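**Q** One predicted model, sequence on top.
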Amino acid sequence: MSAGDWIGRDLGERTIAYSDRDVILYALAVGAAAHQLDLVFEDRLRVLPTFGLTLAQWAPDVMAEAGAFGPQSVHGSQNLQVHAPLERSGELRMRARVGDVWDKGSAAVYTVIIECDAFTATWGIFAPGQGGFGGDRGPSSAPHELGAEVAELPLQTVENQAALYRLTGDRHHIHIDPDAAAQIGQPRPILQGLCTLAAATLPLAAHRGAHPADLTSLDGRFSGMVLPGDMLTVVADQEGRFSVLRGTETAISHGRAVFS
Ligand SMILES: C/C=C/C(=O)SCCNC(=O)CCNC(=O)[C@H](O)C(C)(C)COP(=O)(O)OP(=O)(O)OC[C@H]1O[C@@H](n2cnc3c(N)ncnc32)[C@H](O)[C@@H]1OP(=O)(O)O
């Protein structure tokens, strides 16, 4: 089956239940501090909208289990459009489908779209070696030109962050098993792209004078690996565009975060 055969496929529906414990664990895993009581204390809890992405992880996993992606495939990009706040606990009924599959020649880029009342989320999965199936190349977008006035926001990741974040739903072995990390050429287990992206929304919200739970729209392209413990810098402009840097290398490009 070629990558192009996945275009438009229905991935079905799933209802996932969650508790306030899941919401708090998620907030801690993406870097919320103990004093941010409305992210970590059930009596005041507000839900980070990116928590919905952990609930939607089943959809790209369904494709992976069906053998759609090769072992070198990585999470390439993420979009999240928030429609309504998530409840502190409850269940979410989601429907998923494959959108476009772009043919980049040496790679395929799959888009996986998950919809529910609370959000629409679109995964981009970059699959080396699966291009060349005669499909459309798709859009080619250069990284954002940030505006003239930029802020440099420190983002410290911690050594056990990938191990903690995986308990929120992403149990891929490259985030915990040194042998699996070595197979993709990494010196040790890597941080989940969605963990880095969600972590960036905390300093971005602070910079905008917003609450992180008031995120309405998020975009990012995973351009380079992050290792747990890395010191990162979020470079953000006044329009919500941002990049995440790891030293001189870009970890997330094409970033945009909008808060209400
Ligand atoms: C299961 C869970 C896994 C994870 O969570 S892994 C952690 C998060 N992910 C990562 O850390 C990935 C880090 N990024 C990378 O390693 C690389 O970055 C990529 C392998 C994704 C791509 O690098 P390269 O092979 O050098 O691609 P190119 O030559 O820059 O671009 C080839 C074409 O592909 C498009 N493209 C590149 N990156 C992405 C992307 N991330 N999402 C969608 N499209 C992408 C470009 O635009 C271009 O296409 P055009 O020539 O038509 O312009």
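**A** Sure thing, it's come through. Numbering: from 1, shown residues only.
**Q** which residues in the chain form strands?
**A** 10-18, 74-82, 90-103, 107-115, 119-128, 150-156, 215-222, 231-237, 241-246, 249-259 (DSSP state E).
**Q** buried residues in the fifth one?
**A** The neighbour-count check on strand 119-128 (16 or more other Cβ atoms under 10 Å) flags Phe119, Thr120, Ala121, Thr122, Trp123, Gly124, Ile125, Phe126, Ala127 as buried. C-betas here are computed from N, CA, C, even on glycine.
**Q** ok, back up a step: just send the strands of the chain back as TSV, with distance to His173 and mean pLDDT too.
**A** What follows is the strands of the chain, written out as TSV (distance: least, Cβ to Cβ, whole Å; pLDDT from 0 to 100):
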stretch	distance to His173	mean pLDDT
strand 10-18	22	98
strand 74-82	13	97
strand 90-103	23	98
strand 107-115	20	98
strand 119-128	17	97
strand 150-156	25	97
strand 215-222	18	98
strand 231-237	23	98
strand 241-246	22	97
strand 249-259	21	98
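**Q** Within range of the ligand, give me the residues from the stretch 51-200 of the chain.
**A** 74-77, 104, 109, 124, 126, 137, 140, 172, 190, 192-193 (Cβ under 6 Å from any ligand atom).
**Q** Which one of the strands of the chain lies nearest to Gly4?
**A** With Cβ to Cβ as the measure, strand 90-103 is the member of these nearest Gly4 (5.8 Å).
**Q** by contact count, what packs against the closest one?
**A** Other helices and strands packing on strand 90-103, by 3 or more Cβ pairs under 8 Å, 6 or more residues apart in numbering; DSSP states H and E, are strand 10-18, helix 51-55, helix 58-65, strand 107-115.
**Q** Can you mark which positions in that strand are buried?
**A** Leu92, Met94, Ala96, Arg97, Val98, Gly99, Asp100, Val101, Trp102, Asp103.
**Q** top helix in the chain by residue count?
**A** Taking DSSP state H as the criterion, the chain has its longest helix at helix 193-208.
**Q** per-residue confidence averaged over that helix?
**A** Averaged across helix 193-208, pLDDT comes to 98.
**Q** circling back: could you dump the strands of the chain into JSON lines with distance to Val40 added?
**A** Converted to JSON lines, these look like this (distance: least, Cβ to Cβ, whole Å):
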{"stretch": "strand 10-18", "distance to Val40": "16"}
{"stretch": "strand 74-82", "distance to Val40": "20"}
{"stretch": "strand 90-103", "distance to Val40": "19"}
{"stretch": "strand 107-115", "distance to Val40": "26"}
{"stretch": "strand 119-128", "distance to Val40": "22"}
{"stretch": "strand 150-156", "distance to Val40": "18"}
{"stretch": "strand 215-222", "distance to Val40": "17"}
{"stretch": "strand 231-237", "distance to Val40": "21"}
{"stretch": "strand 241-246", "distance to Val40": "23"}
{"stretch": "strand 249-259", "distance to Val40": "20"}
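**Q** if we can go back for a sec, now the helices and strands packed on strand 90-103 as JSON lines including mean neighbour count and distance to Glu149?
**A** Converted to JSON lines, these look like this (neighbours: other Cβ atoms under 10 Å; distance: least, Cβ to Cβ, whole Å):
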{"stretch": "strand 10-18", "mean neighbour count": "14", "distance to Glu149": "39"}
{"stretch": "helix 51-55", "mean neighbour count": "25", "distance to Glu149": "30"}
{"stretch": "helix 58-65", "mean neighbour count": "18", "distance to Glu149": "36"}
{"stretch": "strand 107-115", "mean neighbour count": "22", "distance to Glu149": "33"}
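**Q** Adding distance to Asp214, write those out as TSV.
**A** Listed next are these as TSV, based on distance: least, Cβ to Cβ, whole Å:
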stretch	distance to Asp214
strand 10-18	20
helix 51-55	14
helix 58-65	25
strand 107-115	21
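**Q** returning to what we had before: the ligand: which of the buried residues of strand 90-103 is nearest?
**A** Using Cβ to the nearest ligand atom, Trp102 comes nearest to the ligand of the buried residues of strand 90-103, at 7.2 Å.
**Q** Return the residues in contact with that closest one.
**A** With contact set as Cβ atoms under 8 Å, 6 or more residues apart in numbering, Trp102 has these partners: Ala108, Val109, Thr111, Gly135, Asp136, Arg137, Gly138, Pro139.
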